[in-house]
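> no sequence on this one, just coordinates:
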């Protein structure tokens, strides 16, 4: 019942648009700030790794191992992914373009920051983003998705029809 309400109600779509714009603005401004400000992740990664020790570590050992073995040696790649990921998530959410994909990218970054021992606004952003993801297409009803998603669905149907014909040998 709640799921249907979130997915179909036009008034909820309006509220979701406000959430989308808020989150999108936050992501976009954060990403632009990183791009124009010379963003470096080495210190952040080392700080997160150091939080994996003690009786009550803020960072789990498995995550610290990932940061140490994968992210730290490839810090330039991860810095680029974070900067441009934030910008693209922000643009997607503001425009309502591929809203669910943008929300999924955003929540993945939020959880990465949380797993690294940083709270800040991440818990709040996770909660708001869950509403966008659960709402599905309704989250982008008042955005570019209104026109893009019917086109994407039509393309998928054409491709499925073509695949069926290929399988049947016609």
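Sure thing, it's come through. All of these numbers come straight from a predicted model, not from anything done at the bench.
> Give the residue spans of the chain that score low on pLDDT.
170 (pLDDT under 70).
> What is the helix ranked longest in it packed up against?
Longest helix of the chain, by residue count under DSSP state H: helix 10-36. Under the contact criterion of 3 or more C-beta pairs under 8 Å, 6 or more residues apart in numbering; DSSP states H and E, helix 10-36 touches helix 2-8, helix 75-95, helix 99-115, helix 122-135. C-betas here are computed from N, CA, C, even on glycine.
> what angle sits between it and helix 122-135?
Per axes from the mean of the first three to the mean of the last three C-alpha atoms, to 10 degrees, the angle that helix 10-36 makes with helix 122-135 is 130 degrees.
> Buried residues of helix 10-36, list them for me.
Buried residues in helix 10-36, defined by neighbour count with 16 or more other C-beta atoms under 10 Å: 12-13, 16-17, 19-21, 23-24, 26-28, 30-31, 34.
> picking that back up, what's the closest of the helices and strands packed on helix 10-36 to residue 159?
Closest approach to residue 159 among these (C-beta to C-beta): helix 99-115, 18.5 Å.
> For that closest one, buried residues please.
99-100, 102-107, 109-110, 112-115.
> same thing with stretch 76-85?
Neighbour-count burial for stretch 76-85 [16+ other C-beta under 10 Å]: 78-79, 82-83, 85.
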